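# Quick one: sequence and predicted model below, then my questions.
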Amino acid sequence: MHHIPDQIALRLGYLNILQGIINRLAGSASTMKAGNVAVMTALLACSLGERVQFHWALFIVPGALFMVFHAYFLQQERAFIALYNHAADQPLAETLGLRIDVARLSRMREPLWTVLCRPAVLAFHSALVAACIVIVLAARGQC
């Protein structure tokens, strides 16, 4: 049996590991948003040249890919937050396993479709793609 100060140190170490994972996942989700803006801007610049054959639908595929990756990282982040909260809520007298329980993590994970429909994902990426398409069509006099 471990002493309470040892349990506190172990718990804090475990929670710090989980917090590091959460921070990396949050950073990855933000990178997906920034990456989408960069790619859409580059596509927009390429599409507005003179005599360029560029169909407006070419914005949809990269926008959808960035949206799915953003949702994936957000899904993982939220699952690790739930795992963190579960570990933090346990009484200190209870000994926690210091491994990341994949089965528990899977149970805590939201379906990807649910995360895709969150405003932070759907509204951002669809608005960005729609804005690029409107700009291209307006520049060509088709809007």
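Yep, it's here.

# Could you list the low-pLDDT ranges of this structure?
Residues of the chain that meet the criterion pLDDT under 70 lie in 1-2, 143.

# 80 instead?
1-6, 49-52, 54, 92-98, 140-143 (pLDDT under 80).

# do you know how far Gly141 is from His55?
As judged by Cβ to Cβ, to the nearest Å, Gly141 and His55 stand 16 Å apart. No exception for glycine: its C-beta is placed from N, CA and C like everyone else's.

# neighbour-wise, which of the two wins?
Shown here are Gly141 and His55; by other Cβ atoms under 10 Å, His55 has more neighbours (9 against 6).

# Roughly how far does the more buried one sit from Leu128?
Using Cβ to Cβ, we find His55 at a distance of 18 Å from Leu128.

# which helices and strands does the biggest helix by length in the chain pack with?
Longest helix in the chain by number of residues (criterion: DSSP state H): helix 4-47. If contacts are counted by 3 or more Cβ pairs under 8 Å, 6 or more residues apart in numbering; DSSP states H and E, helix 4-47 sits against helix 60-89, helix 119-139.
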